[in-house]
Every structure is written in C-alpha cells, then in structure tokens.
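Q: Here is the input, now give the coordinates:
(2 chains)
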Amino acid sequence: MTNPLEFLVHTPVGEALGWALFHSLWQGAAAALSLVAVLALTRSARVRYAAACAALTAALGAFALTFAWFLPAGGAGGTALSPPAAVSFPGLDGVAAAGGAAGAADALPWFVALWLAGFVLFQARGVRQWIAARRLRTRAVCAAPDAWRRRLDALSARMRVARAPELLESGAAEIPAVTGWLRPAILVPAGFLAAMPPEQVEAILLHELAHVLRRDYLASLLQTAAEGFLFHHPAVWWISSVIRREREHCCDDLAAAAAGGALAYASALAALERTRWGAEKREALVLAAGGRAVDRVRRLLFPSRPLSVRSAWAAAPLLIAIVAVLAGWQGAGAQQPAPAPKADPYTRWLTEDVAYIIEDREREAFLRLKSDEERKHFIEQFWQRRATPGTPVNEVREEHYRRHVSANERFGRPGIQAGWRTDRGRVWIVRGPPDEIEKHPSGRNGGPPSEQWLYYRIEGAATRVIFVFLDTARDGSYRLKEDPVKKR
Amino acid sequence: MPSDPPRPTGAELEILTVLWSRGPSTVRDVHEVVSERKAAQYTTVLKQLQVMAEKGIVRRDETQRSHVYAPAKPKEWTRKQLAGDLLQRAFDGSPGGMVLGALSAKKASKRDLAEMRRMIDEYEKGMR
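A: Below is the predicted model of the structure:
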C-alpha cells in the first residue's frame, strides 16, 4: 500500500525542497531585478555578461542554501519539530477533521513531485544535448582543407589562443559552431569554406576562436545544468537568455578587435547574412541563437544606440507575473482558517505530531503557555511522563515518531490527504501495527474494498479487537466503520 | 527514373561529407581526406564508393581516366532524410545550447538585411 510518491515527498528532505522551491520564486525575481538594474547602467558586454552569470549563480546558490536551511539538523529526532508546515491544522479536534482539510501543506508535495519530474526531464535533456554535441564532432565530419587549417593556426596566434582547435567540416552542422572543452573543435557546415568569401569565413572563425579563448563551452555546460535546477522560474530563463546573448556580444568584441575594426567585422557578418538569404530553404535545426544579426551589427557600429531596452521591457511583465503569483499565494495563505503566524513548530507539534495521543487537559495547558521556552519544556515533560524510567533513550517517543512516519508512507494519498490524517493512519499511530491484517482490495461479496485489522490485545479493552475499514468511495479513503474500543 | 537512394550508413555519411566539402572527387582525393583523421586503406574507400554508387547514394562519372564521384543528392536532402530516421545516426537530437555559434539559427529577415546595409553605409560616411 506504500505510495512511492508519498514516500518521496513526505520526508524532511521533500519538505525542505518544497520550501526551497517556494522561496526560489522571490529569490529568482530579486536576482533578475538586480540584473535589470545593471543592464540599465552599462553597455559593456563583459560587465553585462558577468552580471548575468552572477545573477544566475546567486539564484542557484540561494536555492541550495534555502534547501540546506530547511533540512532538519539530522540525527536522532527524525521528524520531531521539523520545519513549519505551510498551514497548520485547521481544527484542534484532529480526528474529526482528519478527512476534510487538505490545505496548502498538502499541495506542497504536489509541487515537489512535479518539480522532481521536471528536474529529471531537464537534466536528461541536458545530457542528451551534450551527447548530441559530442556526436556532432565525431560523426559525418571530415578534416578541413590544409590551407584553412593553416589559416586557423595564424588566427589562433593572433587571438592568443594557446592551441589552435581542430577545424572540421560537418555534414550535420547547419551553422558554424564550437564544441568541446578540453579539446575544442570548430565545426563548419560541409562546403561552407569553399562557398563563402574568405574574409567572411575569417570573421566567423575569429568569433568561434573567441568562444574557445573564453572557454564558453564549459560555461554553457554549467549554465544548462543550472537551468535544470531552476527551470520552474521564468525570470531564470530570462537571465539565462541574457547570458547567451551577452556571451555572443563578448565574442563579437574580441573578434572585431582581431579583425581590424568593427566595420570590417560587421560588414562580414552582414554579408554572411545576405549570402545565407540566397541559400536554399533549410529545415531549421534549432541551434543556440546568437541573437539577431541586425542587433549585433548595430551594437558593433553604434554602441551608444539603445537596443537592449526592448529586452529589459520584455522582462517587466514577467516580473509582474511573479510578484502577482507570490501575492496570490500569500493572499490564499491568509484566507486559510488557521492564519500563517500560527504555523510554528509548536503548533505543528500539537496538531500533527501528537494530535492523537495528547490528553485534553494537556492540550489546554499547552495552549495557555506564553513562551517558546515554556513550550519546549512542556514537550520534554510530555515525553518524560510517558517514558520508561531508567532508559537513556525515550523509546515511547521514538516508537511514536516511527509510527508517524510509517503511517505517512503507508496511507498517504498525495495531494489529497497525508497518511497520518487518514483513519488507518490514526489507528496505526495510536495502536501500532496490528497483529494480523486481512485485505480485500476488490471487495468481498460485492461490497466495497475493505481491510480488517486484528489486535490480539489492547490495553483497557477486550482481547482480539478488530478494526474494520471500508473504502465505500473506492478512492483509497478507507474509513473506520466503527471504533471497537470506544463502543465497549 | 530510379527511386530515392537508401539512407547512408555512418561510414557512408563520412564519405558523403567529404564529397559535400570538396566537391566531386576521385577515390584518391577522398582517401586522402579520410586518412587525415584515421587510418584508412585506399581499397576500403574504393570499395565503399563502389557500394554507394550501386545504392545510388553517389554518382560515378566515368568519362575521365580515374572515375570521379559526386553526391547523388544535395546535403539538405540527406539531412531531411536522416532527420526522419528512427536511428537518427549523426543527426540525433539537437545540441541546443551546447554549441556556440557566430550565426543565429534563424536567418535575418529582408528588413534586417536592408537595415544592416544602411548602418554600414552610415558608419562609412561618418568615418570620412
């Protein structure tokens, strides 16, 4: 009956992840806003690129730190006093309300599960792209003519690239590209070198050499990995697109300097686009966009003319959307029956951890406490009263939390109800694992699916007590038919 | 009219790339390029080209003393043919952001071309 999803997300790690995801929303937005400020201040491609990389690193770092922050300190306690739940339990009468409320706290696991699925997909996509890029340099390639390789050596020396990269012609590449980190290679479409005017080819080679010089391949690998972590955040995609664009601008600047001026280089770029225009229609292999050629030519020739205004403005609605989502989330939280400020570890301790075993007068006493110091002391006393004297570890407490965890694992219905809130979960936590279980998952004699739990002995009750759970709704919500202990 | 040639194998693709790059070539020419990157026997290349000619992947011009081979189909045709291939040999997947290029995958529009020309003219005038 254990649901793997429930098992995955209803753990301290899953919850920490949920909170890290939640906080990444404003963290990513803040990183993007700072980047917008830098972009408004400077036109230097190098500074803009560095700022964009810093923004991405900050967003990822904040995400990692938040995750670490919400992780329980580890060690003996297990789930005891783990980080606060999003919304505390709506009513104090835990058992009665158990079926009803599935609030934001129950929705969080769904976000975590979706994120995990997306994470796997995006990282798999990154690996696939990496494999495709590697394959690009080994399949359907041949060495470029000698003359061009000697030319590349000369250009490498001019650009101060320590070792000239391999120059390959490819039947698969649609546009010139650099691939590889330790042994980079420049790939050009087969026939490109012969068909294009030499000065245009040189302009392209200089640009690709700039990528080699800057080790951009490694940077783009790391960037793709980072995108895989924060793929849920539109602002992060925007930051990432700024990185890609400014990276090309940095290479344009280096290439223009080596080509003997912006005009020569920009003319070659423009001519290349004209030549491409004449070329036959092609199935577009979606490759990394180097940005619109016209924008790059404008930037090279007239650096003072505005061009990135558009992209800065494009980010505005995105940021507004994020703020709106956050505001909406906060608003929804405020409308919950239990207001957010109460969602502290102590409320959670009362309404979740020990909801089924705390006595009424204990609950009243706890609610009267004023300070966290008193509450902490109360909790210690609470377990002390139930402990077996003279043992170093409080087995009662340990066993209770063990049952709590295993109830969540066994009976949780992701997104609907946490395991401990179900009827079976409650009996499991209060009575422990039954001595015998009889399951009829497809019903018996035409009745609904059912389970019968047999306890040989229950304190204060008769022997051989049977709990009957019926899934009349046939949705996994096994309800206790009647409480055999109360009745007797 | 013969039907379309079958999809080339990995080794055949490499030879096709040489032909796309260098244009119509003799076996000696192809062998020279191939052996730049790996040890290859002249006879192996010869055999491969003969097989490819039989399959209709390359055309053989026999008017010269040494036969000249040329791709039977343009590069773009083969790319399209392989893109639909389940095996997707050399063309499998898109490297996406993993390759870095000077050119955008998207071609410039006519308006962009005119704009670039205008800016270059303006810049040149300004320099005089």
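Q: count of residues packed around residue B:13?
A: 22 (other C-beta atoms under 10 Å in any protein chain shown). From N, CA and C alone the C-beta is placed, and that goes for glycine too.
Q: That one belongs to a helix, doesn't it?
A: Yes - counting by DSSP: H, G, I helix; E, B strand; the rest coil, residue B:13 is found in a helix.
Q: What parts of the stretch 1-150 of chain A come near chain B?
A: Contact residues (C-beta under 8 Å from any C-beta of the partner chain) of the stretch 1-150 of chain A with chain B: A:125, A:128-133, A:135-136, A:139-145.
Q: Tell me, please, where in the chain the pLDDT is lower than the cut-off.
A: Using chain A. Across chain A, the ranges flagged by pLDDT under 70 are A:1-10, A:73-107, A:275-291, A:305-343, A:486-488.
Q: Correction: the question concerned chain B.
A: In chain B (pLDDT under 70), the answer is B:1-2, B:83-107, B:127-128.
Q: does chain A sit close to the longest helix along chain B?
A: Taking DSSP state H as the criterion, chain B has its longest helix at helix B:110-127. Yes - judged by C-beta under 8 Å from any C-beta, helix B:110-127 and chain A are in contact via B:110, B:112, B:113, B:115, B:116, B:117, B:119, B:120, B:122, B:123, B:124, B:127.
Q: Show me which of those residues is closest to residue A:204.
A: The closest of the residues of helix B:110-127 next to chain A to residue A:204 turns out to be residue B:116 (C-beta to C-beta; 15.9 Å).
Q: State whether residue A:473 is indeed within a strand.
A: No - the assignment for residue A:473 is coil, going by three-state DSSP, so no strand is present there.
Q: separation between it and residue A:206?
A: According to C-beta to C-beta, to the nearest Å, residue A:473 and residue A:206 sit 69 Å apart.
Q: Of those two, give the one with the bigger neighbour count.
A: Per other C-beta under 10 Å, whichever of residue A:473 and residue A:206 has more neighbours is residue A:206, with 25 against 11.
Q: Assess the claim that that one and residue A:159 are in contact.
A: Yes - the pair residue A:206 and residue A:159 qualifies as a contact (C-beta atoms under 8 Å) at a distance of 6.7 Å.
Q: what touches both of the two?
A: Each of A:254, A:258 lies in contact with both residue A:206 and residue A:159 under the rule C-beta atoms under 8 Å, 6 or more residues apart in numbering or on different chains.
Q: Could you report the distance from the nearest residue to residue A:153 once chain neighbours are set aside to residue B:38?
A: Of all residues not flanking residue A:153 in the chain, residue A:164 sits nearest, at 4.7 Å (C-beta to C-beta, 6 or more residues apart in numbering or on different chains). Counting by C-beta to C-beta, the gap from residue A:164 to residue B:38 is 20 Å.
Q: For the two, work out which one has more neighbours and name it.
A: More neighbours surround residue A:164 than the other of residue A:164 and residue B:38, with 20 against 7 (other C-beta under 10 Å).
Q: got a list of what the residue nearest to the spatial centre of chain B touches?
A: By C-alpha atoms, centre = their mean, chain B has its centre lying nearest to residue B:20, at 3.9 Å. By C-beta under 8 Å, 6+ apart, the residues touching residue B:20 are A:169, A:171, A:190, A:191, B:71, B:75.
Q: rerun at 6 Å
A: For residue B:20, the contact set (C-beta atoms under 6 Å, 6 or more residues apart in numbering or on different chains) comprises A:171, A:190, A:191, B:75.
Q: How about residue A:346?
A: residue A:375.
Q: again, only this time at 8 Å
A: With the criterion set at C-beta under 8 Å, 6+ apart, residue A:346 makes contact with A:372, A:375, A:379.
Q: Looking at these, which are in helices?
A: A:372, A:375, A:379.
Q: The second one: how many residues sit nearby?
A: Translated: residue A:375. Using other C-beta under 10 Å: residue A:375 sits among 19 other residues.
Q: Likewise for the last one?
A: Neighbour count for residue A:379, taken as other C-beta under 10 Å: 20.
Q: Relative to chain B, how far out is it?
A: 51 Å (C-beta to the nearest C-beta, to the nearest Å).
Q: Could you pull up phi and psi at residue A:166?
A: Main-chain dihedrals, residue A:166, degrees, to the nearest 10: phi -70, psi 140.
Q: pretty sure it is touching residue A:182, no?
A: No - taking contacts as C-beta under 8 Å, residue A:166 lies outside contact range of residue A:182: 11.9 Å.
Q: Compare the two and say which is more crowded by neighbours.
A: A count of neighbours by other C-beta under 10 Å puts residue A:166 above the other of residue A:166 and residue A:182, at 18 against 7.
Q: Bridged to that one, which residues?
A: Beta bridges link residue A:166 to residue A:185, judged by DSSP bridges.
Q: can you tell me which residues contact it?
A: Going by C-beta under 8 Å, 6+ apart, residue A:166 touches A:137, A:183, A:184, A:185, A:186.
Q: ok, now with 10 Å
A: Counting by C-beta atoms under 10 Å, 6 or more residues apart in numbering or on different chains, residue A:166 touches A:137, A:141, A:143-144, A:149, A:152, A:180, A:183-187, B:37.
Q: And residue A:399, by the same measure?
A: residue A:432.
Q: looking at this, it is in a helix?
A: Yes - under three-state DSSP, residue A:399 sits within a helix.
Q: buried subset of the residues of helix B:110-127 next to chain A?
A: By neighbour count, with 16 or more other C-beta atoms under 10 Å in any protein chain shown, those hold B:112, B:113, B:115, B:116, B:119, B:120, B:123 as buried.
Q: Among the contacts of residue B:20, which ones are in helices?
A: Per DSSP H, those map to helices at residue B:75.
Q: what's the farthest-apart pair in the contacts of residue B:20?
A: Counting by C-beta to C-beta, the most remote pair of those is A:171 and A:191, 9.2 Å apart.
Q: any residues in contact with both of those two?
A: With C-beta under 10 Å, 6+ apart as the test, residue A:171 and residue A:191 both reach B:17, B:19, B:20, B:21, B:75.
Q: Please convert the residues you listed to TSV, extending it with distance to residue A:349.
A: Listed next are the shared contacts of residue A:171 and residue A:191 as TSV, based on distance: C-beta to C-beta, whole Å:
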residue	distance to residue A:349
B:17	68
B:19	75
B:20	71
B:21	72
B:75	69
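Q: Which of these fall in helices?
A: Short answer: these in helices (DSSP H) are B:17, B:19, B:20, B:21, B:75.
Q: The nearest residue to residue A:137 once chain neighbours are set aside: what's it in contact with?
A: Nearest non-adjacent residue to residue A:137, counting by C-beta to C-beta, 6+ apart: residue A:185, 4.9 Å away. Each residue near residue A:185 by C-beta under 10 Å, 6+ apart is listed here: A:136-138, A:141, A:165-168, A:170, A:177-179, A:208, A:212, A:217.
Q: most surrounded residue in those?
A: That'd be residue A:177 among the contacts of residue A:185, by other C-beta under 10 Å, with 30 neighbours.
Q: Quick check: it touching residue A:208?
A: Yes - judged on C-beta atoms under 10 Å, residue A:177 makes contact with residue A:208 at a distance of 7.4 Å.
Q: that older thread, look at residue A:171 and residue A:191 and report which has more neighbours.
A: Per other C-beta under 10 Å, whichever of residue A:171 and residue A:191 has more neighbours is residue A:171, with 28 against 18.
Q: Quick check, that one in contact with residue B:74.
A: No - if you go by C-beta under 10 Å, residue A:171 and residue B:74 don't touch, sitting 11.2 Å apart.
Q: hmm, back to that, tell me the two of the residues of helix B:110-127 next to chain A that are most distant?
A: Using C-beta to C-beta, these span at most 26.6 Å, a distance reached by B:110 and B:127.
Q: Tell me how many other residues surround the residue of the stretch 301-450 of chain A at minimum distance from chain B.
A: The nearest approach of the stretch 301-450 of chain A to chain B comes at residue A:301, 4.6 Å away (C-beta to the nearest C-beta). Neighbourhood size, residue A:301 [other C-beta under 10 Å]: 22.
Q: Phi first, then psi, for it.
A: phi -90, psi -40.
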